[in-house]
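Undergrad: Dropping a prediction and its sequence here:
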Amino acid sequence: MLLFGELLSRMLRPCTITGRYTVQIAASEKAPAAWKLIQLFIDGASVATTANSSLSYSWNTTNVLKGTHTLKAQATDTLNNSSIGEPE
């Protein structure tokens, strides 16, 4: 259950990709306070951060080991409430 609103994400569903893949994340406007941070994590490591309500990240998979990888996004508002989204 999310703490507030809904973290909308158009992220990877189980599939095979090679080369570059664009990950796009948009935080809904339903937060009780303004958004202050959106972060994208791949395999637990933060790879992109923005202070805007949306984030676009070009993931170059060329040097990534073959196998399963986990993508998560976290949005934090100015009251320090946070919400985590995963691919649908």
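TA: Perfect, thanks for sending it. Residues are numbered from 1 along each chain as shown.
Undergrad: Assumed Asp36 was part of a helix.
TA: Actually, residue 36 is Lys rather than Asp. No. Counting by DSSP: H, G, I helix; E, B strand; the rest coil, Lys36 is not part of a helix but strand.
Undergrad: ok, so what distance separates the closest residue in space to it that isn't next to it in sequence from Gln39?
TA: Closest residue to Lys36 apart from its sequence neighbours, by CB to CB, 6 or more residues apart in numbering: Thr78 at 4.9 Å. C-beta: built from backbone N, CA, C; applies to glycine. Thr78 sits at a distance of 15 Å from Gln39 (criterion: CB to CB, to the nearest Å).
Undergrad: if you count what's nearby, which of these two comes out ahead?
TA: Counted by other CB atoms under 10 Å, Thr78 and Gln39 do not tie: Gln39 has more neighbours, with 18 against 12.
Undergrad: if I pick the more buried one, what's in contact with it?
TA: Counting by CB atoms under 8 Å, 6 or more residues apart in numbering, Gln39 makes contact with Ser46, Ala48, Thr49, Ala73, Gln74, Ala75, Thr76.
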